[in-house]
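Participant: My questions concern the predicted model and sequence given below.
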Amino acid sequence: MTDYKLIRSKRKTAAIQIRGGEVIVRAPLRMPKRDIDALVVKHEDWIRKHLETSRRQLETASSVGKLSRSELDALYKTAKEHIPQRVRYYAGQLGVEYGRITIRCQRTRWGSCSSKKNLNFNCLLMLTPPEVIDSVVAHEVCHLKEMNHSKRFYELVLRIFPDYHRCDKWLKDNGKTLLALVPESDAPQE
């Protein structure tokens, strides 16, 4: 059986994730350990496949060069011009209002939405195809209506951005390599 890190929380179902080459199982507080082990054994093929993909992504990410300060500044400037336009467009589609739009250079997130309706985006989005930028913007704007990742949330995302799943897959396949471009000294706190 595969080794895994167990995280228990107030959730109803168990889930298996692969993060940074590590298997993480998120399980309900009262789920018996034998049931968690059985879940891991049942999904052993899926785990192996995704661990291999994660290993290849980490190898690629570690072999790429880092962006210079001037390249990061250029990405930041372009993002400050482009992303607010896209936010206005998708917010208009949903008829929602938002607070501040902040552009940052982050190592782990592409975007986020706060409870105060402030939107944050990663300047590295400017290195992705335009439709991927729009998928992240649409996702965060939908959080202005649904502050969760429920079925209703994803129905809303797909309503305003039907190609969301393809773009999300692009980010999953390529995102780690892009995030690895940020030099240690230039990555701000998240």
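Facilitator: Great, that's in hand.

Participant: Mind telling me what element Lys172 is part of?
Facilitator: Taking DSSP states H and E as the definition, one finds Lys172 inside helix 164-179.

Participant: buried stuff in that helix?
Facilitator: Under the neighbour-count criterion of 16 or more other C-beta atoms under 10 Å, helix 164-179 has 164, 167-168, 171, 174-179 buried. No exception for glycine: its C-beta is placed from N, CA and C like everyone else's.

Participant: just stretch 4-15 next, same as before
Facilitator: 4, 14.

Participant: average pLDDT across that stretch?
Facilitator: Regarding stretch 4-15, the rounded mean pLDDT is 94.

Participant: what helices or strands is the helix holding Lys172 leaning on?
Facilitator: Helix 164-179 sits against helix 44-63, helix 130-142, helix 151-160, with contacts defined as 3 or more C-beta pairs under 8 Å, 6 or more residues apart in numbering; DSSP states H and E.

Participant: if we can go back for a sec, closest one of the buried residues of helix 164-179 to Val23?
Facilitator: Lys176 (16.6 Å; C-beta to C-beta).

Participant: Show the pLDDT at that closest one.
Facilitator: Looking at Lys176, the pLDDT reads 83.

Participant: ok, back up a step: centre of the chain versus the helix holding Lys172, how much separation?
Facilitator: 8 Å (C-alpha atoms, centre = their mean, to the nearest Å).

Participant: can you tell me which helix in the chain is longest?
Facilitator: Taking DSSP state H as the criterion, the chain has its longest helix at helix 69-94.

Participant: Who are the packing partners of it?
Facilitator: Applying 3+ C-beta pairs under 8 Å, 6+ apart, we find helix 69-94 packed against strand 101-104, strand 119-122, helix 130-142, helix 151-160.

Participant: relative to helix 164-179, how tilted is the longest one?
Facilitator: Right, helix 130-142. Here helix 130-142 runs at an angle of 110 degrees relative to helix 164-179 (axes from the mean of the first three to the mean of the last three C-alpha atoms, to 10 degrees).

Participant: would you put the C-alpha positions of helix 130-142 in CSV?
Facilitator: Provided in CSV are the C-alpha atoms of helix 130-142 (Å, rounded to 0.1, in the frame of the first residue of the first chain):
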residue,chain,number,x,y,z
PRO,A,130,-5.8,34.2,-23.0
GLU,A,131,-8.6,31.7,-22.5
VAL,A,132,-6.8,30.4,-19.3
ILE,A,133,-6.6,33.9,-17.9
ASP,A,134,-10.3,34.2,-18.6
SER,A,135,-11.0,30.9,-16.9
VAL,A,136,-9.3,32.0,-13.7
VAL,A,137,-11.0,35.4,-13.8
ALA,A,138,-14.5,33.8,-14.4
HIS,A,139,-13.8,31.3,-11.5
GLU,A,140,-13.0,34.1,-9.1
VAL,A,141,-15.8,36.4,-10.2
CYS,A,142,-18.3,33.5,-9.6
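
Participant: Give the other helices and strands that it contacts.
Facilitator: Counting by 3+ C-beta pairs under 8 Å, 6+ apart, helix 130-142 packs on helix 69-94, strand 111-113, strand 119-122, helix 151-160, helix 164-179.
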